[in-house]
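Chemist: Fold the following and give me the result.
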Amino acid sequence: MPLFGELFVSDLLKKPVLDPQGDELGRLKDFVVIKGDPLPLVSALILEEKKKQYCLEWENVGIFNKRIISSKVYSPKVEPYDPADDILLIVRDIFDKQIVDANGAKVVRVNDVKLEGESNNARIIGVDVGIRGILRRLGVERRSEKFYHFLGKTLPHSIIRWSYIQPLEPRLSTLSLIIPRQMISALHPADIADIIRTLPHEQGLALLKGLDPNVAAEALPELDPDIQTAMIASLDKDYASEIVERMPPDEAADLIGDLETEKAQELLESIEKEEAEDIQELLAHEEDTAGGLMTNEFIAYPPDMTVHDAIERFRLDAHEVESVYYIYVVDNEKLVGVVSLRDLILSSPQVTLAELMTTKLKTVTPDQSQQAVAATISKYNLLTIPVIDEEEILLGIVTTDDIIDILLPPASRKKRRSV
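Modeler: So this is what the prediction gives:
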């Protein structure tokens, strides 16, 4: 069989397939695809004639190009064919399916499939996700090119190579396509969340399951609360627990507080005792208060610690804390001062934190309203604000990120409840 170069499937559909004498066997309806190394191979053509479908094995295909498709066999040798659900067909299973564009960090749709001839085989080399694919399927690509040229513009090509694509699920009848997990993991958590939000639940869940738990723990809080709870409730207990353990305590508390009581209790019993206690502590506060906003994940050292020792400890402790702007100085759990990271780094190694710390502190109590906390942070241009009880025990901190969530609330507010 002569090599045919590169072709698009939509250019070939409905074209007549001729037998060796030039008689029409049927019109091309679809392509059967099997796994190949490195790219999928076309194993057969699906023909349609008088509303009946036939399978023409690739080994029996003669000429195959944009103008002529011919067969080595005659009509009587073409067997009737009813494609099963467990094989992959290009038109049925790939056309119009959703994939992720890594460059744009968004979900796009497959408008066409690109084939290439190699060693007498036809391979899938990419998918067209752009306007060209749509115009090609409508049969107006060339006319549109001329119109774009008339306007002084170029009709763009939007091809994603198949080597960057893999199935989300093993069942080909419900095939969805996605870029490899390592490429997804390299995206910003907010971009990953946008992708999950765009996909149907089952496909978004399959994407989430394929992520490293650390990546999933960063992406999940970026989703709306109802999507978060639907996702975590659909995961198996072990993986859900891994994600929750890696989330900041305040984010984990928001998530668990939105779950059904039974599921929430199951997760709390599955995670490490220390993390569970941190989350339970946060769940005890009303959601619209400083206690409901705060995280109990912060770095605090005693006043007699030297700068040298504080820096050494900080190198170990900071890995476990999401946001670090200050070192809080506590004496028997009471907040007595705060040291900025800048002052810590620039100070003499032998200076103690007591000598370095600022003691005129702005603080809030756990029962103060979110609006009061936001006003204090805004008035004094703070990055974080400590939350203390009536005995000046440091309970947690509220960060500017938490305040932004209040000033620019999501469409669906988090409704936390005690578990």
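
Chemist: tell me the mean pLDDT over stretch 70-88?
Modeler: When pLDDT is averaged along stretch 70-88, the result is 73.

Chemist: in what helix or strand does Val107 lie?
Modeler: Secondary structure from DSSP states H and E places Val107 in strand 106-109.

Chemist: can you check Ile327 too?
Modeler: Using DSSP H and E, Ile327 sits within strand 326-331.

Chemist: For that strand, which strands pair with it and how are they oriented?
Modeler: Strand 326-331 sits in its sheet next to strand 300-301 (parallel), strand 334-340 (antiparallel), going by DSSP bridges.

Chemist: mind listing what's buried in that strand?
Modeler: Tyr326, Ile327, Tyr328, Val329, Val330 (16 or more other Cβ atoms under 10 Å). Bear in mind the C-beta positions are built from the backbone N, C-alpha and C, glycine included.

Chemist: Can you give me the buried ones in the helix or strand following the strand holding Val107?
Modeler: Toward the C-terminus, strand 106-109 is succeeded by strand 112-118 as the next helix or strand (DSSP H and E). Going by neighbour count (16+ other Cβ under 10 Å), the buried part of strand 112-118 is Asp112, Val113, Lys114, Leu115, Glu116, Gly117.

Chemist: for strand 112-118, the distance to its chain's centre please.
Modeler: In terms of Cα atoms, centre = their mean, to the nearest Å, the centre of strand 112-118 is set 28 Å apart from its chain centre.

Chemist: Start the count at 31 instead of 1 going forward.
Modeler: Taking 31 as the first residue, the last one we looked at is strand 142-148.

Chemist: I'd like to know which elements that strand is packed against.
Modeler: Helices and strands touching strand 142-148, by 3 or more Cβ pairs under 8 Å, 6 or more residues apart in numbering; DSSP states H and E, are strand 36-38, helix 39-42, strand 151-158, helix 161-168.

Chemist: Quick one: residues in contact with the third one.
Modeler: Under the contact criterion Cβ atoms under 8 Å, 6 or more residues apart in numbering, strand 151-158 has outside partners 34, 36, 38, 61, 63, 66, 69-72, 88, 94, 120, 124, 129, 140-146, 166, 187-192, 195, 207.

Chemist: Now restrict these to buried residues only.
Modeler: By 16+ other Cβ under 10 Å, these give 34, 38, 61, 63, 66, 69-72, 88, 94, 120, 124, 129, 140-146, 166, 188-190, 192, 195, 207 as buried.

Chemist: quick one on the thing from earlier: of all the helices and strands packed on strand 142-148, which lies closest to Glu422?
Modeler: Nearest to Glu422, of all those, is strand 151-158, at 61.6 Å by Cβ to Cβ.

Chemist: Count the neighbours of the closest residue in space to Val381 that isn't next to it in sequence for me.
Modeler: Once flanking residues are discounted, Val381 sits nearest to Val337: 5.1 Å by Cβ to Cβ, 6 or more residues apart in numbering. Around Val337 there are 22 other residues, counting by other Cβ atoms under 10 Å.

Chemist: From one end of stretch 373-392 to the other, what's the distance?
Modeler: One end of stretch 373-392 to the other measures 18 Å (Cα to Cα, to the nearest Å).

Chemist: can you tell me which strand in the chain is longest?
Modeler: If you go by DSSP state E, the chain has its longest strand at strand 54-64.

Chemist: Please name every helix or strand in contact with whichever helix or strand comes after it.
Modeler: Counting by DSSP H and E, the next helix or strand C-terminal to strand 54-64 is strand 71-79. The helices and strands touching strand 71-79, judged by 3+ Cβ pairs under 8 Å, 6+ apart, are strand 54-64, strand 82-87, strand 151-158.

Chemist: Using JSON lines, lay out those together with distance to Lys176 and mean pLDDT.
Modeler: Below are the helices and strands packed on strand 71-79 laid out as JSON lines (distance: least, Cβ to Cβ, whole Å; pLDDT from 0 to 100):
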{"stretch": "strand 54-64", "distance to Lys176": "27", "mean pLDDT": "91"}
{"stretch": "strand 82-87", "distance to Lys176": "35", "mean pLDDT": "88"}
{"stretch": "strand 151-158", "distance to Lys176": "19", "mean pLDDT": "90"}
